[in-house]
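Peer 1: 3D, please:
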Amino acid sequence: MKKALLCKLINTKKRLFLCVTAAALPAFLLFIACSDNSDNGWSPGGHEGGATYTLLLLAGSGAASVSPSGASTHNANTTPTITTTPINAECTFNGWTPEAGIINPNSATTTVFMDQDRLMITANFDCLTYTVTYDINGGTGTTPAAQTVYAENSVTLASGNGFSRDGFIFGGWNTNSDGAGFNRDARSSFTPTNDITLFARWNSGGSFIDPRDGQSYNWVRIGMQVWMAENLNFQIGSSWCYDNDDSNCQKYGRLYDWSTAMDFPSTCNLTSCAFQVQSPHRGICPVGWHVPSEAEWITLINFVGGSTVAGAQLRTTTGWEPHENGDFISGTDNHGFSALPGGSGGVGGHFMRIGTSAEWWSATVDATYGDGARHMDMRSANSRANTTLRGKVHMSSLRCLRSD
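Peer 2: Numbers count the residues shown, from 1 in each chain. As a prediction, this is how the structure comes out:
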């Protein structure tokens, strides 16, 4: 069995060590001549049971990782390799600090001489950063703080909290003060490619409270129409949250069959009931609002540019997913309608297409099929929005239109 040796350097020039056994045997002296290039398995001054030191590296500014990570232990007078990587390719290595013991402190991969504990050695990079600043663009209140991030990293854009503008509703951010640039949703993820100022986008609108349940809804003026800027979330009889998950009701509103949306008996899902439809027809909308007719949906579609582009014009810039075939057209939400992909439901509680489609009832009974009604829909796979036939027993969202 090898015995532990305790060694002390006694001649630096000749690399001569004095070693004494630590076992409970008669002590004797050994003189061991060592060289840096010896191949006898001993490191310079190396000895079994000799001193060890701790190395601790830290990832400093712009560093994604260091190696070895965490605290590591090394034999005395060895030279372990240390290395670091930056968070992205836009970073330049700026050295290890402190430099003591590091063979080449200006190299991202180097070695360190372990003649003592080497703690808190930090890797530093100079990295390109971009700053997102905000302009509330005529609003009053507190402007959101600027956000600075490393290149290729993203920020979560500021919400609309803390500022407002009389007679308008905050509709997100735009790259131009006049709203003619690119829209960005509040709280959406954004990766800047340069320093940029984002301007509050104001839509003519406001908010109101439904006295029936105390829920607040935003509204927006689009042309001569005033629309709710979010789907109805009024709980009643035959209404559902997608996948029976309450959080989906909070985000997308509730899903209704046609008779429920119209506040009719359930038998109207199987028969025409067209003679009961008023103009305008309130249904289950709040007081002063009504279920839009197919003609009113078409008015909206035409105002924003026609059916071939209305889907992209009316839906949010984020929150939509590609169609299962991979097709995807992003939204611009140029008018503050803020359509979200709440999906729909079928007979027997079957839910479908959340993330890729939005569908809303109209008050118009289909002229050919009494058990069908006209409804409005859009899909993420294209930029269109259309009114089509929908079986009344199915579940769709409800977006109310102001009656005055």
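Peer 1: In the chain, what helix or strand scores lowest on average pLDDT?
Peer 2: strand 29-33 (a mean of 35; mean pLDDT, DSSP states H and E).
Peer 1: which is the next helix or strand following that strand?
Peer 2: strand 52-59 (DSSP states H and E).
Peer 1: Tell me which strands that following strand pairs with, and in which orientation.
Peer 2: strand 71-75 (antiparallel), strand 118-127 (parallel) (DSSP bridges).
Peer 1: Among these, show me which one is buried the most.
Peer 2: strand 118-127 (a mean of 19; mean count of other C-beta atoms under 10 Å). Where C-beta positions appear, they are placed from N, C-alpha and C, glycine not excepted.
Peer 1: Put the alpha carbons of stretch 248-264 into CSV.
Peer 2: C-alpha atoms of stretch 248-264 as CSV (Å, rounded to 0.1, in the frame of the first residue of the first chain):
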residue,chain,number,x,y,z
ASN,A,248,-60.1,29.9,-21.3
CYS,A,249,-63.2,31.9,-20.5
GLN,A,250,-61.1,34.6,-19.0
LYS,A,251,-59.0,34.9,-22.1
TYR,A,252,-61.4,34.0,-24.9
GLY,A,253,-64.9,34.5,-23.5
ARG,A,254,-67.5,31.8,-23.3
LEU,A,255,-68.9,29.6,-26.1
TYR,A,256,-72.6,29.5,-26.8
ASP,A,257,-75.0,27.6,-29.0
TRP,A,258,-77.2,29.9,-31.2
SER,A,259,-80.4,29.7,-29.1
THR,A,260,-78.5,30.6,-26.0
ALA,A,261,-76.8,33.6,-27.6
MET,A,262,-80.2,34.8,-28.9
ASP,A,263,-81.9,34.2,-25.5
PHE,A,264,-84.3,31.8,-27.2
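Peer 1: And it, what's buried?
Peer 2: 248-249, 251-264 (16 or more other C-beta atoms under 10 Å).
Peer 1: Relative to Ala51, which of those residues is nearest.
Peer 2: Ala51 lies nearest to Lys251 out of these, by C-beta to C-beta, at 61.5 Å.
Peer 1: doesn't Leu340 make contact with the closest one?
Peer 2: Yes. Between Lys251 and Leu340 a contact is recorded at 6.8 Å, counting by C-beta atoms under 8 Å.
Peer 1: The buried residues of stretch 248-264: which two are farthest apart?
Peer 2: By the measure C-beta to C-beta, Lys251 and Phe264 form the most distant pair in these, at 27.3 Å.
Peer 1: what pairs with Trp360 across the strands?
Peer 2: Met376, Ser397.
Peer 1: So it sits against Ala373, correct?
Peer 2: No. Assessed by C-beta under 8 Å, Trp360 is found out of contact with Ala373, at 11.0 Å.
Peer 1: of these two, who's got more company?
Peer 2: Ala373 (31 against 26; other C-beta atoms under 10 Å).
Peer 1: and the more buried one, that one's in a helix?
Peer 2: No. Read with DSSP: H, G, I helix; E, B strand; the rest coil, Ala373 is strand and lies in no helix.
Peer 1: and it, what does it touch?
Peer 2: Counting by C-beta atoms under 8 Å, 6 or more residues apart in numbering, Ala373 makes contact with Trp258, Trp361, Ser362, Ala363, Thr364, Val365, Asp366, Leu389, Arg390, Lys392.
Peer 1: now, the most widely separated pair of these?
Peer 2: Ala363 and Leu389 (14.4 Å).
Peer 1: For these two, indicate the residue with more neighbours.
Peer 2: Ala363 (26 against 12).
Peer 1: And that one, how close does it get to Ala261?
Peer 2: 8 Å (C-beta to C-beta, to the nearest Å).
Peer 1: any common contacting residues for the two?
Peer 2: Joint contacts of Ala363 and Ala261 (C-beta under 8 Å, 6+ apart) are Gly283, Val291.
Peer 1: can you give me the helices for the chain?
Peer 2: Counting by DSSP state H, the chain has helices at residues 246-252, 258-262, 294-303, 307-314.
Peer 1: Now tabulate the ones you listed in a markdown table and tack on distance to Trp202 and mean pLDDT.
Peer 2: Below are these laid out as a markdown table (distance: least, C-beta to C-beta, whole Å; pLDDT from 0 to 100):
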| stretch | distance to Trp202 | mean pLDDT |
| --- | --- | --- |
| helix 246-252 | 23 | 97 |
| helix 258-262 | 31 | 97 |
| helix 294-303 | 19 | 98 |
| helix 307-314 | 17 | 98 |
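Peer 1: Could you export those as a markdown table, including distance to Phe170?
Peer 2: Converted to a markdown table, those look like this (distance: least, C-beta to C-beta, whole Å):
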| stretch | distance to Phe170 |
| --- | --- |
| helix 246-252 | 18 |
| helix 258-262 | 29 |
| helix 294-303 | 21 |
| helix 307-314 | 18 |
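Peer 1: Check the chain for its longest strand and report it.
Peer 2: strand 196-209 (DSSP state E).
Peer 1: Report the buried residues of it.
Peer 2: Leu198, Phe199, Ala200, Arg201, Trp202, Asn203, Gly205, Gly206, Phe208.
Peer 1: Now do Trp202 against Leu58, distance only.
Peer 2: In terms of C-beta to C-beta, Trp202 sits 46 Å off from Leu58.
Peer 1: re the thing from before, and which of the buried residues of strand 196-209 is nearest Asn77?
Peer 2: Using C-beta to C-beta, the buried residues of strand 196-209 come closest to Asn77 at Leu198, 56.6 Å.
Peer 1: isn't that closest one right up against Leu157?
Peer 2: Yes. Counting by C-beta under 8 Å, Leu198 touches Leu157, with 7.1 Å between them.
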